[in-house]
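J.: test case, fold it:
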Amino acid sequence: MQASVGDTLLFHGNVVGQRDRKAEIIEVRGRDGSPPYVVRFGDGHEQLVFPGPDAVVEPTLASD
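T.: Modelled structure (predicted):
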């Protein structure tokens, strides 16, 4: 898994009825874009995460 600051980390719900969650990557602590990441959720909560197989990175689209 590779990510950059500003990308979105999407956590897929892995239990019936559990929603997907999104968080903005605000810091990459691993080498060459690898985890762990510091993320900020929509409610402002920040957390250090080591994403598992239920998470995917959505790259930030570059604007021209």
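
J.: show me the strands in this protein, by range?
T.: With strands called from DSSP state E, the chain shows them at 8-11, 21-28, 37-41, 46-49, 55-58.

J.: quick one, which of those gets closest to residue 2.
T.: strand 55-58 (7.0 Å; C-beta to C-beta). No exception for glycine: its C-beta is placed from N, CA and C like everyone else's.

J.: strands paired with that closest one, and their directions?
T.: Strands that pair with strand 55-58, judged by DSSP bridges, come out as strand 8-11 (antiparallel).

J.: save the strands of the chain as a markdown table, and put in mean neighbour count and mean pLDDT too.
T.: Formatted as a markdown table, these follow (neighbours: other C-beta atoms under 10 Å; pLDDT from 0 to 100):
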| stretch | mean neighbour count | mean pLDDT |
| --- | --- | --- |
| strand 8-11 | 18 | 95 |
| strand 21-28 | 16 | 96 |
| strand 37-41 | 19 | 97 |
| strand 46-49 | 12 | 96 |
| strand 55-58 | 16 | 95 |
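
J.: would you list those strands in CSV and tack on distance to residue 2?
T.: Converted to CSV, the strands of the chain look like this (distance: least, C-beta to C-beta, whole Å):
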stretch, distance to residue 2
strand 8-11, 12
strand 21-28, 9
strand 37-41, 11
strand 46-49, 15
strand 55-58, 7
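
J.: so for residue 1, which of those strands sits nearest?
T.: Ranking the strands of the chain by proximity to residue 1 (C-beta to C-beta) places strand 55-58 first, at 6.1 Å.

J.: gap between the two ends of stretch 3-23?
T.: 12 Å (C-alpha to C-alpha, to the nearest Å).

J.: which other residues reach it?
T.: Stretch 3-23 is contacted from outside by 24-28, 33, 35, 37, 39-42, 47, 49, 51, 54-60, using C-beta atoms under 8 Å, 6 or more residues apart in numbering.
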